[in-house]
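Colleague: following is a predicted model, sequence given first.
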Amino acid sequence: MKNLVSMKDLSVEQIRAILEQAQAFREGAKSTLKNHYTMANLFFEPSTRTKMSFEMAERKLDMDVLPFEAGFSSTLKGETLYDTVKVLEAIGIDALVIRHEENNYFESLVGKVKPAIINGGDGTGNHPTQSLLDIYTIWQEFGTLKDKVVSIVGDISHSRVARSNADALTRLGAKVRFVCPPEWQGEFEAVNDFDEVIASSDVIMMLRVQHERHDGATSFSKEGYHEAFGLTIEREKRMKESSIIMHPAPFNRDVEIASELIECDRSRIFKQMENGVFIRMAVIEMILKGRE
Amino acid sequence: MKNLVSMKDLSVEQIRAILEQAQAFREGAKSTLKNHYTMANLFFEPSTRTKMSFEMAERKLDMDVLPFEAGFSSTLKGETLYDTVKVLEAIGIDALVIRHEENNYFESLVGKVKPAIINGGDGTGNHPTQSLLDIYTIWQEFGTLKDKVVSIVGDISHSRVARSNADALTRLGAKVRFVCPPEWQGEFEAVNDFDEVIASSDVIMMLRVQHERHDGATSFSKEGYHEAFGLTIEREKRMKESSIIMHPAPFNRDVEIASELIECDRSRIFKQMENGVFIRMAVIEMILKGRE
Amino acid sequence: MKNLVSMKDLSVEQIRAILEQAQAFREGAKSTLKNHYTMANLFFEPSTRTKMSFEMAERKLDMDVLPFEAGFSSTLKGETLYDTVKVLEAIGIDALVIRHEENNYFESLVGKVKPAIINGGDGTGNHPTQSLLDIYTIWQEFGTLKDKVVSIVGDISHSRVARSNADALTRLGAKVRFVCPPEWQGEFEAVNDFDEVIASSDVIMMLRVQHERHDGATSFSKEGYHEAFGLTIEREKRMKESSIIMHPAPFNRDVEIASELIECDRSRIFKQMENGVFIRMAVIEMILKGRE
C-alpha cells in the first residue's frame, strides 16, 4: 500500500491488517517507523473533525506536521493541485492528506508525485479512513462483520460515507441495507420504511441530514423527518439487545437522531471518533512502511 | 483546581500558589508533569496576543498543540460548543483553552466533558489568566497587594479586564478605584476626574478605548478623550515615585495613553505580556497535576 | 549578520558563506545551534510556498514555530506592526519571518526590537531568501556565477525577484539582462526581443505574469504573450547546451512558460524550491549564531 485513495484499492486482507494495527495502537503500541517524517493536511473543504483526527494521529506517530492554509494558498492564484503538490514534494514533505471537493482529484497525483496521498474525502464519496473507522467500530463490537446486518439510514444519494462503506462492508461479509425516503435513494436500492428494519439490525448507522443540500427540494420539516426517518427514543427501544448506533458526525440533534440517544449505552458515536485516530495512525504507518 | 473559568473559583491561597509557580517558571523551573499532554486553543474571537501567549506556555510545558481553526470548523454547520468539545475529547485532547463571545459559555462544559477547560475570555468579562497576570505584575513589583491603590481607568462598562480584576484585587487586599466618564461607568461606582487620583495611585491601570463599541454613542474625539481621561505626559509626571503603569493591550497610542509612555520606565505593559506566559504555564500545570 | 532584510546588507563573502552552509545542510549537516529557539512566520500577504519553505527550514533546525494568523490578528484592531512585534518579543519569540506589502516595513523594526527580523518579501521587492536560492541554484549548476549570462524575462517593473536578484547577481560576477515588452520595463534597461538572447544565455529566468496587476493595461492575450515573451518549446530548442531554466513560481502554464518545459531536463524550477529550504536553514542559523 503506497497511497490510500479509495476502499476499492484495499483487499480484505489489507483491511484486516489495518484493523489489527489500529487495535494495537489503541492498546498502546508505539510506532515502529524507522525515519522521521513530515506531513501536511490539505483541507480545501472545512472539516475540523477529520483534520484534527489526522493531526492527532500524525503527532502520535511523532511526525512533524506543517500547517497548510487552503484559504490562503497559491491555489488562489490559479495554481493546479498537481503544481501545489509538486511544490510540497520539493519542500520535502513525505505524505499528504487531501480533502477536495473535486471528483477523483487524486487521479492527477497518484503515481506522478513522490509524497504518499491519503484521501480525506473527495467529491464522489471516497473517504476511506471514515469507512475503515466504521468497520473497525463494528469489528471491535462483534469480533467479526460476517452476517452482521447494517442498516444505513438517511440521505444515501448525497452521502460519502454510505457509498464508501456499503461496498467494503459487503466484501467483509456484512449485510447492508439502505433506508431512506424514495426521493433520497438515488441510484440505490432502499427500504423506505425505517420501522421495518429496526428490530433486525445489528448496526443502525444514521447519516447526517445535509440541510445545505436540500433547501426547498425536500418535503420534510425537521420534525417530520425525525418522525419518519429519525432514530427516535421510541425506535431505539425496539432495537435488538446487542445492537449499536453509529453516526459519522457532525449530527443534527433531534433531526436524524434524538438528542438523548447521542450518548446512550448503545451509541458508539464518540467511540467512532476515538477509533478514527487509531485507524489513521495505522493507515499512515502502513503506507510509510511500504515506502521505506 | 480541575478547570479555570472565573477568578471567583480561586481562593486567595490558590492565587498565591499560582503566583509562586509563575515566578518559579520565570526563574527557569521546568515542568514536573508526569505525562505527555495534548491541548488545543479554541479562539472563536480574534486575539493573537492571548492565543500566542497560551501557545508559548504550552510549548514551554512540552505539550503537543493541535491547531484549531474556528472560522473553518463544524460550528459553521451549526454544531454546538458542547458537541465540538466532545469530539475533541474523543480525539484525545487533554485540555482546552476557549475564548467565546457567549456569556458563561463554559457552563455547558465544566463537569460534563473530560478535557480541562481554561477560559481565555467570555462575553461577561471572565478572563482569569489576564487577571492573574495583572496581579502577578503588581505582586512582582511591590511584594504584596495589601493596601496598594489601583486605579483602573477607562471604559469600565465594556471591559472584561476591569470586572474580572477588581474583585480579585480587592480580595488580595488592594484598594481598587474606577476612573471614567460618567457615561461609561455602568453599574459601577467611579471617580469622574482622573486628576484626583493620579498622585495617590500605586498602579494606574489603563483600559483600551474600544472604538468599535462607541460609534456615535460617545461625546469624545480621540484628542478630547486623551485630554480628559488619557494618561498624558503631564499626568505621568505627577505620579508617585514608585508607582507603575499597566495596560492589557492592544493599546491605542495617544488615545488612552501617550505614545511616549508605552515603554517608559514606569511602564510594565510589555512586562505584563512576559508574565502572561509564566502565569499560563502555572495555571495549565496546576490543572493537569490536579488531574494526574 | 543579525537580521536579513535586503540583499544590499550582504557582502559577497557573506553570500558565499550562506551558499556553503546551504550546501552543507543539503548534504545532511545538522544544526549546530546551542539553544532552543522559537520562531513565528508573519505573512500578511498569502504565500504558501515561501511560508511552508520557512516552516520546513525551522522544523529541520529543531525550532518551535508558533502559528500566527494574520487575518485573525490584532492588526485588525489597528495595531502597528511595531507593537505586534513588541508583543511577540515579550512572549519570548527569538526570530520572525515577515512578509508585508508595505515598502521597507522593516525600518520600523530593525535595531528597535529584540527578535531577529528575516524579510520574507516587502512591497519594494526585497525578498532576499528568494534571491539567495536563485543564486545558490546557479552556483550549484556551474560552480561559479562569474561571467554567467542570466536573462530575466517578464514583468520587470512589478517583480520583486527581478529587482532583488539583479544587483546581487551582478556583484557576484554574472551578466544580467532584462527581457520584456517596452511597457513593462519600467525604469530598467531591457532587451525587447526575447529571441535575441535565447542562444547566448546560461540561465533563462522566467518571471510570473501577474494577471492581477495587468487587467486592461496590457495589450497581450495569454496566447499573444506566450508567443512573444514566453519560453516556448521552440525557443527551448535553441537554448545553449548547458543552459538552464528557472522560475520563482507559482507559474502560469502556457503563458510565460510552455507546460511541457516545467519538468524538462533543463528546468531547475522544483530544484529551486528544494534549495529554498536549505538556504533558509542557513540564513536562520547564521543569524541566530550571530546573536548567541
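Modeller: Here it is on my side, so go on. Numbering: from 1, shown residues only, chains lettered A, B, ... in the order given.
Colleague: quick one: residues contacting residue A:52.
Modeller: B:40, B:66, B:68, B:87-88, B:91 (CB atoms under 8 Å, 6 or more residues apart in numbering or on different chains). Every C-beta, even on glycine, is put in place using the N, C-alpha and C of the backbone.
Colleague: most surrounded residue in those residues?
Modeller: Most neighbours among the contacts of residue A:52, by other CB atoms under 10 Å in any protein chain shown: residue B:88, with 27 neighbours.
Colleague: surely that one is within a helix?
Modeller: Yes. Residue B:88 forms part of a helix when assessed by DSSP: H, G, I helix; E, B strand; the rest coil.
Colleague: got the domain ranges for chain A?
Modeller: Per automatic domain parsing, the domain ranges recorded for chain A read A:7-127+A:273-291, A:128-272.
Colleague: list the contacts for the residue of the stretch 1-150 of chain A at minimum distance from chain C?
Modeller: Distance from chain C to each residue of the stretch 1-150 of chain A (CB to the nearest CB) is smallest for residue A:90, at 3.6 Å. Residues counted as contacts of residue A:90 (CB under 8 Å, 6+ apart) are C:270-274.
Colleague: before we move on, the earlier item: could you export the contacts of residue A:52 as a markdown table, including pLDDT?
Modeller: Listed next are the contacts of residue A:52 as a markdown table, based on pLDDT from 0 to 100:
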| residue | pLDDT |
| --- | --- |
| B:40 | 97 |
| B:66 | 96 |
| B:68 | 92 |
| B:87 | 95 |
| B:88 | 96 |
| B:91 | 97 |
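Colleague: these also near chain A: which ones?
Modeller: Restricting these to those touching chain A (CB under 8 Å from any CB of the partner chain) yields B:40, B:66, B:68, B:87-88, B:91.
Colleague: in the stretch 151-292 of chain A, what residue comes closest to chain C?
Modeller: Per CB to the nearest CB, residue A:288 is where the stretch 151-292 of chain A lies closest to chain C, at 17.2 Å.
Colleague: wait, that residue sits on residue A:37?
Modeller: Yes. Between residue A:288 and residue A:37 there is a contact under CB atoms under 8 Å: 5.9 Å.
Colleague: name the residues contacting each of those two.
Modeller: A:94-95.
Colleague: show me which residues of chain A sit near chain B.
Modeller: Contacts of chain A with chain B, taken as CB under 8 Å from any CB, map to A:43, A:46-49, A:52-53, A:55-56, A:59, A:67, A:71, A:212, A:249-253, A:270-274, A:276-277.
Colleague: give the ChimeraX command for selecting the buried subset of the residues you listed.
Modeller: In ChimeraX, this line selects whichever of those come out buried by 16 or more other CB atoms under 10 Å in any protein chain shown:
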select /A:43,46,47,48,49,52,53,55,56,59,67,249,250,251,252,253,270,271,272,273,274,276,277
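Colleague: in strands, which of the residues of chain A next to chain B fall?
Modeller: residue A:43 (DSSP state E).
Colleague: coming back round to it: tell me the pLDDT at the residue of the stretch 151-292 of chain A closest to chain C?
Modeller: pLDDT recorded at residue A:288 is 98.
Colleague: helix, strand or coil for it?
Modeller: Put simply, residue A:288 is helix when judged by three-state DSSP.
Colleague: show me the contacts for it.
Modeller: Residue A:288 is in contact with A:33, A:35, A:37, A:94-95, A:116, counting by CB under 8 Å, 6+ apart.
Colleague: hang on, residue A:281 packs against residue A:60?
Modeller: Yes. Counting by CB under 8 Å, residue A:60 is a contact partner of residue A:281 at 5.8 Å.
Colleague: number of nearby residues for residue A:4?
Modeller: There are 26 residues near residue A:4, going by other CB under 10 Å.
Colleague: quick one: contacts for it?
Modeller: Shown in contact with residue A:4 (CB under 8 Å, 6+ apart): A:10, A:117-119, A:128-129, A:283, A:287.
Colleague: tell me which two of those residues sit farthest apart.
Modeller: The span of the contacts of residue A:4, defined through CB to CB, is set by A:10 and A:117 at 14.5 Å.
Colleague: which of these two has more neighbours?
Modeller: Ranked by neighbour count (other CB under 10 Å), residue A:10 and residue A:117 place residue A:117 first, with 23 against 20.
Colleague: next one: phi and psi at that one?
Modeller: Per-residue torsions, residue A:117: phi -110, psi 120 (degrees, to the nearest 10).
Colleague: so what's the residue count around the closest residue to it other than its chain neighbours?
Modeller: Computed as CB to CB, 6 or more residues apart in numbering or on different chains, the closest residue to residue A:117 that is not its neighbour in sequence is residue A:3, at 4.5 Å. Neighbours of residue A:3 under the rule other CB under 10 Å: 21.
Colleague: so how far is chain B from residue A:3?
Modeller: Residue A:3 is 24 Å from chain B, where distance means CB to the nearest CB, to the nearest Å.
Colleague: and that residue, what is it in contact with?
Modeller: Counted by CB under 8 Å, 6+ apart, residue A:3 has contacts A:9, A:106, A:110, A:116-118, A:287.
Colleague: pull out the buried members of these.
Modeller: A:106, A:110, A:116-118, A:287.
Colleague: just name the closest of those to residue B:221, please.
Modeller: Among the buried ones among the contacts of residue A:3, residue A:118 lies closest to residue B:221 (CB to CB), at 57.5 Å.
Colleague: considering only the contacts of residue A:90, which also neighbour chain A?
Modeller: Answer for the contacts of residue A:90 near chain A (CB under 8 Å from any CB): C:270-274.
Colleague: redo those residues as TSV? Include pLDDT and distance to residue B:124.
Modeller: As requested, these are arranged in TSV below (pLDDT from 0 to 100; distance: CB to CB, whole Å):
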residue	pLDDT	distance to residue B:124
C:270	97	53
C:271	98	56
C:272	98	53
C:273	98	49
C:274	98	52
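Colleague: inside helices: which ones of those residues?
Modeller: Among those, the ones falling in helices (DSSP state H) are C:270-274.
Colleague: so which of these comes closest to residue C:28?
Modeller: residue C:274 (13.8 Å).
Colleague: how close does residue A:33 sit to chain B?
Modeller: For residue A:33, the distance to chain B - CB to the nearest CB - is 17 Å.
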